[in-house]
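Engineer: Here is my input; please provide its structure:
(chains A and B)
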2 protein chains.
Amino acid sequence: MSDKNMPQTLNIHNQPTPFLLLNRDKLERNVAHLRQHTDRLGVPLRPHLKTVKSVEAARLILSNGNGPATVSTLKEAEVFAAAGCHDLIYAVGIAPQKLPRVVALLNSGTDISVILDSVEQAQAVAEFSRQTGVAIPTLIEIDSDGHRSGVAPGDPLLIEIGNILHHRGAELRGIITHAGESYHCKTLPAHQAMAEKERAAAVACAEALRKAGLPSPVVSVGSTPTAHFSQDLTGVTEVRAGVFTLFDLVMEGAGVCQTTDIAVSVVATVIGHQRQKGWIMVDAGWMAMSRDRGTSAQAVDQRYGIVCDMAGKPLADLLMVDVNQEHGILALRPGSQQTLPELPYGSRVQILPNHACATVSQHAEFAVVRDGSDEIEACWPIFRGW
Amino acid sequence: MSDKNMPQTLNIHNQPTPFLLLNRDKLERNVAHLRQHTDRLGVPLRPHLKTVKSVEAARLILSNGNGPATVSTLKEAEVFAAAGCHDLIYAVGIAPQKLPRVVALLNSGTDISVILDSVEQAQAVAEFSRQTGVAIPTLIEIDSDGHRSGVAPGDPLLIEIGNILHHRGAELRGIITHAGESYHCKTLPAHQAMAEKERAAAVACAEALRKAGLPSPVVSVGSTPTAHFSQDLTGVTEVRAGVFTLFDLVMEGAGVCQTTDIAVSVVATVIGHQRQKGWIMVDAGWMAMSRDRGTSAQAVDQRYGIVCDMAGKPLADLLMVDVNQEHGILALRPGSQQTLPELPYGSRVQILPNHACATVSQHAEFAVVRDGSDEIEACWPIFRGW
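Structural biologist: Numbers count the residues shown, from 1 in each chain, chains lettered A, B, ... in the order given. Predicted coordinates:
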């Protein structure tokens, strides 16, 4: 935004490329759609803000603009707390050195829970709670799907951790899980089964805590796919999801959204042609798109993204097939019978990303538009760091 | 660096994780090593600053601290120009909308060349030169290896472009090429042949321009591999290279450096264990490492990076095998006979990246250390954007 030669009225045709375009109406529809679903199931949403890392976007995503949220870094916690969001879960296993910042947030009036899945962590959190006189709210992470972290359901470790937290100074809040394997589900029944598996595991672990005389007021589940395909959330107290706010080609490939639901794209300018190779060169590479190639593991590989015209309509079979740091190569999908579109030097395209979280993190701001308008109505800062 | 609870003396054991560690001595040795090589061949270096995006690092990389440099964005050009670097090539094909910023730099006393490979671009540059009365220095990009952009050697387009630039208002400076395919060379003879191919193509095109009565004072070649393996640079006026300053696992896999030459790593903290899976969890994911998996196309796939102890020594066969946004999973290389090392909760590791440019771009600063010291002697800001 520092270009001295920029015209006064910013629009998608004169904003310097590459830039990150956000359709605010799509964001709002995506949020409303999931909220309706979880409302129907009687469970509140706790959106994950790691996808947007923007206070302005969070206002549209959170209930009442500052309601319950999930974060992936303490930097996010601090920024959103400063913006008035005072009900947070820091959903990455707590490291001992991070506890002072957690207590500082608690002492300044933000309710923030940490998560953990080991005796060592529980001892560290309990001890720091005693040292500081601040009972740190803590959720025990369980592993509902073998994807990443967490205590296996049925493992007596759960009760051991619960006892340490509850009896030695921390505040045991309950259970949290994230069925990350849901990203790999391919059919509606598989998605529904994964959602139920996530729910059932979390509820069973909460019940196990309660049977052991331990509290579990919170039973927190979620991932974008399981949140959308859940049919019953009995026993669950909140649902988390993040990428649903913007959506992306991985979520499209997983059957969770349509291409038209994707709220972000990268706008790039054509800088050349390698006609004998069928290539169109643009001024956006991995620095603008990220190196994320999530769709490479799916049925349809979208390479570095689907290329759309400046009205947001996909150009038939045109993909960003490869990237360097500041170069992108557009070409037809392998095997395509289409003709390479005429995209003259200086023309612009919009590229839909594989993974919204990764692409957003490459940018310092969203250029915000509304449905059917080319005017950039706002630029929302995106922060980063830890 | 905003943590209020941080102790006064920063070192690699107390700096909040994840963070980007830079060994300044390694950087200086890498730069001295390549400079000795190109000095011996009698050609000056024009380092590419896209890898570091740091003014402080550039001081150590450039001759006299502000000598000739290459950049990949106009933001880089503007930042380094403001820091006193007034001899630049913007080495991405010029887009028409970027010309006002180029002329603004020229008018403020920075010599900056643009590059192009088409008639349309040449016409745009020539016309903008006439409009502004500023003859924009321009290099014609040639395609020495089929990798990306550029005019094919022998194509009459070269002279057509040259004539437009030279006779209609721009300043034709000569030829530029980048043998990006060199990243895929596997043997010393292949590297040497690629370097010679790059040189020969560039020199032949410069000769073709001169035979047509056009100037070509500049013959600019380079990539990190070709720069290191060149044996003769007759006819070349400058060599460009960027990632050599920091090196990475892709360059190690390509035989250009040793693991011990890699000057950057990401420091992470152990936050958990999934012992039945042989996993160690850390608090650095793709947000800290990037999604770059350049070594996946090489003989030895290093997944998301080689894991070292805090003295920088690789832990036998331990890799960062997978990542999520803020989680990393460490495990033994598939097929390894080693035992998973004891890395207790709260301990730290250093992870060597696939691609230094991509990993650096995920961070806002370098934590700088010297050989054999754990003390962070400085934090150098890293900028980004376009």
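
Engineer: For the rest of this, base every contact and every neighbour count on C-alpha atoms.
Structural biologist: Fine.

Engineer: Spell out the secondary structure type for A:Met320.
Structural biologist: strand (DSSP: H, G, I helix; E, B strand; the rest coil).

Engineer: ok, now which ones touch it?
Structural biologist: Neighbour list for A:Met320: A:Arg303, A:Tyr304, A:Gly305, A:Ile306, A:Val307, A:Gly328, A:Ile329, A:Leu330, A:Ala331, A:Ile351 [criterion: Cα atoms under 8 Å, 6 or more residues apart in numbering or on different chains].

Engineer: for A:Gln338, what are its contacts?
Structural biologist: A:Gln338 sits next to A:Ala316, A:Asp317, A:Leu332 when contact means Cα under 8 Å, 6+ apart.

Engineer: For it, give me phi and psi.
Structural biologist: phi -70, psi 170 (degrees, to the nearest 10).

Engineer: Please tell me how far it sits from A:Pro314.
Structural biologist: 13 Å (Cα to Cα, to the nearest Å).

Engineer: ditto for A:Leu62
Structural biologist: 30 Å.

Engineer: what does A:Val368 give?
Structural biologist: For A:Val368, the distance to A:Pro314 - Cα to Cα - is 20 Å.

Engineer: I figured A:Ile140 was touching A:Gln121, is that so?
Structural biologist: No: using Cα atoms under 8 Å, A:Ile140 is not in contact with A:Gln121, being 10.2 Å away.

Engineer: Which of those two has more residues huddled nearby?
Structural biologist: When A:Ile140 and A:Gln121 are compared for neighbours, A:Ile140 comes out ahead with 29 against 23, by other Cα atoms under 10 Å in any protein chain shown.

Engineer: For B:Ser149, see how far away the residue of chain A positioned farthest from its centre is.
Structural biologist: The centre of chain A is farthest from one residue, A:Gln276, which by Cα atoms, centre = their mean lies 39.6 Å away. Applying Cα to Cα, the value for A:Gln276 to B:Ser149 is 12 Å.

Engineer: what's the nearest residue to A:Lys75 if we skip its chain neighbours?
Structural biologist: Leaving out its chain neighbours, the residue that sits closest to A:Lys75 by Cα to Cα, 6 or more residues apart in numbering or on different chains is A:Trp386, at 4.8 Å.

Engineer: For the host helix or strand of A:His191, which outside residues touch it?
Structural biologist: Take DSSP states H and E as the rule and A:His191 turns out to sit in helix A:188-211. Defining contact as Cα under 8 Å, 6+ apart, one finds that helix A:188-211 is touched by A:142, A:144-145, A:153-154, A:158-159, A:162, A:174-179, A:182, A:185, A:215-216, A:219-222, A:225-227, A:229-236, A:255.

Engineer: And the residue in the stretch 151-300 of chain A that chain B sits nearest to, its phi and psi?
Structural biologist: Per Cα to the nearest Cα, A:Arg291 is where the stretch 151-300 of chain A lies closest to chain B, at 5.0 Å. Torsion angles at A:Arg291 (phi, psi; degrees, to the nearest 10) stand at phi -90, psi 10.

Engineer: In contact with it, which residues?
Structural biologist: Taking Cα under 8 Å, 6+ apart, one finds A:Tyr304, B:Ser290, B:Arg291, B:Asp292 in contact with A:Arg291.

Engineer: Out of the residues you listed, which two are the most distant from each other?
Structural biologist: A:Tyr304 and B:Ser290 (14.8 Å; Cα to Cα).

Engineer: In terms of neighbours, single out the busier of the two.
Structural biologist: The residue with more neighbours, out of A:Tyr304 and B:Ser290, is A:Tyr304; 30 against 27, by other Cα under 10 Å.

Engineer: Got the confidence number for the nearest residue to that one once chain neighbours are set aside?
Structural biologist: The shortest distance from A:Tyr304 to any non-neighbouring residue, by Cα to Cα, 6+ apart, is to A:Met320 (5.1 Å). Here the pLDDT value assigned to A:Met320 is 98.

Engineer: Report the separation between A:Met320 and chain B.
Structural biologist: 13 Å (Cα to the nearest Cα, to the nearest Å).

Engineer: cool, A:Ser118 as well?
Structural biologist: Distance from A:Ser118 to chain B, by Cα to the nearest Cα: 7 Å.

Engineer: if I pick A:Ala77, what's in contact with it?
Structural biologist: A:Val71, A:Leu88, A:Tyr90.

Engineer: One more: A:Arg59?
Structural biologist: A:Arg59 neighbours (Cα under 8 Å, 6+ apart): A:Gly65, A:Asn66.

Engineer: Could you give the average pLDDT over the helix or strand encompassing it?
Structural biologist: Under the criterion of DSSP H and E, A:Arg59 resides in helix A:55-61. For helix A:55-61, mean pLDDT is 98.

Engineer: Output that helix in PDB with nothing but the alpha carbons.
Structural biologist: Only the C-alpha atoms of helix A:55-61 are listed here, as PDB (Å, rounded to 0.1, in the frame of the first residue of the first chain):
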ATOM      1  CA  VAL A  55      -9.000  -8.700  13.900                       C
ATOM      2  CA  GLU A  56     -11.400  -7.300  11.300                       C
ATOM      3  CA  ALA A  57     -12.100 -10.700   9.900                       C
ATOM      4  CA  ALA A  58     -12.500 -12.100  13.400                       C
ATOM      5  CA  ARG A  59     -15.300  -9.500  14.000                       C
ATOM      6  CA  LEU A  60     -17.400 -11.200  11.300                       C
ATOM      7  CA  ILE A  61     -16.500 -14.700  12.400                       C
END
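
Engineer: so how far is that helix from its chain's centroid?
Structural biologist: 13 Å (Cα atoms, centre = their mean, to the nearest Å).

Engineer: need the next SSE after it, C-terminal direction.
Structural biologist: By DSSP H and E, the next helix or strand past helix A:55-61 is strand A:69-71.

Engineer: Walking through the stretch 1-150 of chain A, point out its strands one by one.
Structural biologist: Using DSSP state E, counting those that start in this stretch, the strands of the stretch 1-150 of chain A run over residues A:19-23, A:45-47, A:69-71, A:87-90, A:111-116, A:137-141.

Engineer: Adjacent strands (with direction) for the fifth one?
Structural biologist: Paired neighbours of strand A:111-116 in the sheet (DSSP bridges): strand A:87-90 (parallel), strand A:137-141 (parallel).

Engineer: what does the stretch 1-150 of chain A put close to chain B?
Structural biologist: A:3-5, A:16-18, A:72-73, A:92-98, A:100-101, A:117-118, A:120-121, A:149-150 (Cα under 8 Å from any Cα of the partner chain).

Engineer: Please pick the buried ones from the residues you listed.
Structural biologist: A:16-18, A:72-73, A:92-97, A:100-101, A:117-118, A:120-121, A:149-150 (16 or more other Cα atoms under 10 Å in any protein chain shown).

Engineer: In TSV, list the contacts of A:Gln338 along with distance to chain B and neighbour count.
Structural biologist: TSV is the format used below for the contacts of A:Gln338 (distance: Cα to the nearest Cα, whole Å; neighbours: other Cα atoms under 10 Å in any protein chain shown):
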residue	distance to chain B	neighbour count
A:Ala316	23	17
A:Asp317	21	20
A:Leu332	16	22
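
Engineer: Strands of the stretch 201-350 of chain A, residue ranges please.
Structural biologist: A:218-221, A:238-241, A:264-274, A:279-282, A:306-308, A:314-323, A:328-332, A:348-352.

Engineer: Same list, those, but as TSV with distance to A:Arg130 please.
Structural biologist: Shown next, in TSV, are the strands of the stretch 201-350 of chain A (distance: least, Cα to Cα, whole Å):
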stretch	distance to A:Arg130
strand A:218-221	22
strand A:238-241	29
strand A:264-274	45
strand A:279-282	57
strand A:306-308	53
strand A:314-323	52
strand A:328-332	54
strand A:348-352	49
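
Engineer: For B:Asp374, find the nearest of the ones you listed.
Structural biologist: Here strand A:314-323 is closest among these (Cα to Cα), at 36.8 Å.

Engineer: Could you give the separation of that closest one from the chain centroid?
Structural biologist: Counting by Cα atoms, centre = their mean, strand A:314-323 comes out at 24 Å from the chain centroid.
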